[in-house]
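Trainee: could you look at this predicted model? Sequence included:
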Amino acid sequence: MNDLDALLALLTPEGRALLDEVRDTDPAQELAVATRLRRAHPAELVSAALGQARLRQRAVAKFGAEDAGRMFFTPNGVEQSTRASVAAYRAECLRAVGVRSVADLCCGIGGDAVALARAGIRVLAVDRDPATAAAARANAEALGLGDLIEVREADVTEVDTAPYDAVFVDPARRSSKRGRIFDPEAYSPPLSWAVEAARKAPLAAALKVAPGIPHEAVPEDAEAEWISDGGDVKEAVLWFGTAPGAVRATLLPGPRTLLGTGLPDPEVRTPGRYLYEPDGAVIRAHLVAEVAEQVGGGLLDATIAYVTSDELRPTSYATAYEITERMPFNVKKLKALLREREVGTLTVKKRGSAVEPEELRRKVKPQGPNSATVFMTRVAGAPTMLIGHPVR
């Protein structure tokens, strides 16, 4: 049974009843549950229901238990869909500039369309894959948003977006043959096509791209935003119709947004009492200099995004650590120090070091009631260990 047939079977009364029955199945009990259910239901339908239950369990991290428990997913749809908190933030940005209708191109299983509709925006959701489009349609209905979301199975390059205030494009950045795609022109559709589609939008447009997109690939008339959620970088967005040339980093929950001001790279200086670890979105957006200015600091090394300062200053865009020891890289000395301090919980962070955190933990064998953080990095080019703890 292919993905589309499996989804259509699950949308029948028998399929929905079976989904309810297997909702909380423990993976360790799947075989026993499947054996029992196959006595009363077709084997393929049982397999489809158990597979969908697994997908819903995986989707909880992105959509929350309530929505994930009602939605329908494909394996690729779970992997590639936008986290609900990020989609809601983006939808609010579009609503705030007056957008009332959006053409959501490459809509996937409909995560962004759901967020847009919940913001009161009418959505045309388009995907060329039959199973994916069917899942998006089922999700709109399951979440009570069918009146605001029209799902169309079509090639996005053939869709007329002129009747819509805005365009949102989420090109496929994975290939079944090559895996993750890094070249924006190898996206499906290519970034150049998405940019032209965005430029035609009457009010605004947003293109979701990989956070590793080279800055030189960002069009001059676009605003570039990097977004993290809970400290994890999730995506970059190219905005059209907002602030051409602007660069910003947005941290969720919040949102907290740091706008680039064009500062030069910070100077390299000797380690101070405090180390600041900028959020990943700040680093991707090349806004470490803005954080350094906020905390009155400089860089430990010209090529590494650790900021150091003698002062503790509040910033929403970096985590502050108080540094208590600094020493050249030496595992034996680190092990002795940790034993002396009775450190049993060791957090290992690294930038500019080939040392693997798990390997280091195995070598130093931390034991004791205390905790510490060790930074494996470079200071003015020299391999260095900085030991400290987060400032609460």
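Mentor: Noted; the coordinates are in hand. Numbering: from 1, shown residues only.
Trainee: the most centrally placed residue in the chain: what's it in contact with?
Mentor: If you average the C-alpha coordinates of the chain and look for the closest C-alpha using C-alpha atoms, centre = their mean, you land on K234, 1.9 Å from that point. K234 makes contact with 82-83, 86, 211, 227-228 under the criterion C-beta atoms under 8 Å, 6 or more residues apart in numbering. Heads up, the C-betas are built off the backbone N, CA and C, glycines and all.
Trainee: tell me which element it is part of?
Mentor: When secondary structure is defined by DSSP states H and E, K234 falls within strand 232-240.
Trainee: pairing partners for that strand, with directions?
Mentor: Strands flanking strand 232-240 in the sheet, each with its direction: strand 204-209 (antiparallel), strand 223-229 (antiparallel) (DSSP bridges).
Trainee: buried ones in that strand?
Mentor: Buried residues in strand 232-240, counting neighbours by 16 or more other C-beta atoms under 10 Å, are found at 233-240.
Trainee: mind putting those in CSV, pLDDT and distance to I387 included?
Mentor: Formatted as CSV, the buried residues of strand 232-240 follow (pLDDT from 0 to 100; distance: C-beta to C-beta, whole Å):
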residue, pLDDT, distance to I387
V233, 96, 26
K234, 95, 31
E235, 95, 34
A236, 96, 34
V237, 97, 37
L238, 98, 40
W239, 98, 41
F240, 97, 46
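Trainee: need the residues that contact the helix or strand I283 falls within.
Mentor: In this assignment (DSSP H and E), I283 forms part of helix 280-284. For helix 280-284, contacts defined as C-beta under 8 Å, 6+ apart pick out 211-212, 226-228, 231-233, 236, 249-251, 258, 288, 290-291, 305, 317-318.
Trainee: could you look up the next helix or strand downstream of the helix or strand A91 falls within?
Mentor: Using DSSP H and E, the element containing A91 is helix 84-96. As assigned by DSSP H and E, the chain's next helix or strand after helix 84-96 is strand 101-105.
Trainee: okay, now the sheet partners of that following strand, with direction.
Mentor: Partners of strand 101-105 in the sheet, by DSSP bridges, are strand 122-127 (parallel), strand 166-169 (parallel).
Trainee: in a strand, P383, correct?
Mentor: Yes - note on P383: a strand contains this position according to DSSP: H, G, I helix; E, B strand; the rest coil.
Trainee: now do the contacts for the residue lying closest to it once chain neighbours are set aside.
Mentor: By the measure of C-beta to C-beta, 6 or more residues apart in numbering, the closest residue to P383 outside its immediate chain neighbours is F329, 3.9 Å from it. Shown here is F329, whose contacts under the criterion C-beta under 8 Å, 6+ apart are 353, 355, 376, 383-385.
Trainee: quick one: F329 from T319, how far?
Mentor: For F329, the distance to T319 (C-beta to C-beta, to the nearest Å) stands at 23 Å.
Trainee: which one of the buried residues of strand 232-240 is nearest to H41?
Mentor: Taking C-beta to C-beta as the measure, H41 sits nearest to K234 out of the buried residues of strand 232-240, at 38.4 Å.
Trainee: about what we covered before: in TSV: the strands paired with strand 232-240, plus distance to I149, mean neighbour count and mean pLDDT.
Mentor: As requested, those are exported to TSV (distance: least, C-beta to C-beta, whole Å; neighbours: other C-beta atoms under 10 Å; pLDDT from 0 to 100):
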stretch	distance to I149	mean neighbour count	mean pLDDT
strand 204-209	17	24	96
strand 223-229	23	24	98
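Trainee: any chance of these in TSV, with distance to A136 too?
Mentor: Written out in TSV, the entries for the strands paired with strand 232-240 read as follows (distance: least, C-beta to C-beta, whole Å):
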stretch	distance to A136
strand 204-209	16
strand 223-229	22
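Trainee: and stretch 182-190, what's buried?
Mentor: The neighbour-count check on stretch 182-190 (16+ other C-beta under 10 Å) flags 184, 187, 189 as buried.
Trainee: and if you look at stretch 15-28?
Mentor: Residues of stretch 15-28 classed as buried: 15, 18-19, 22, 25 (neighbour count, 16+ other C-beta under 10 Å).
Trainee: can you show me the helices along the stretch 101-250 of the chain?
Mentor: Under the criterion DSSP state H, counting those that start in this stretch, helices of the stretch 101-250 of the chain are mapped to 111-118, 130-142, 191-199.
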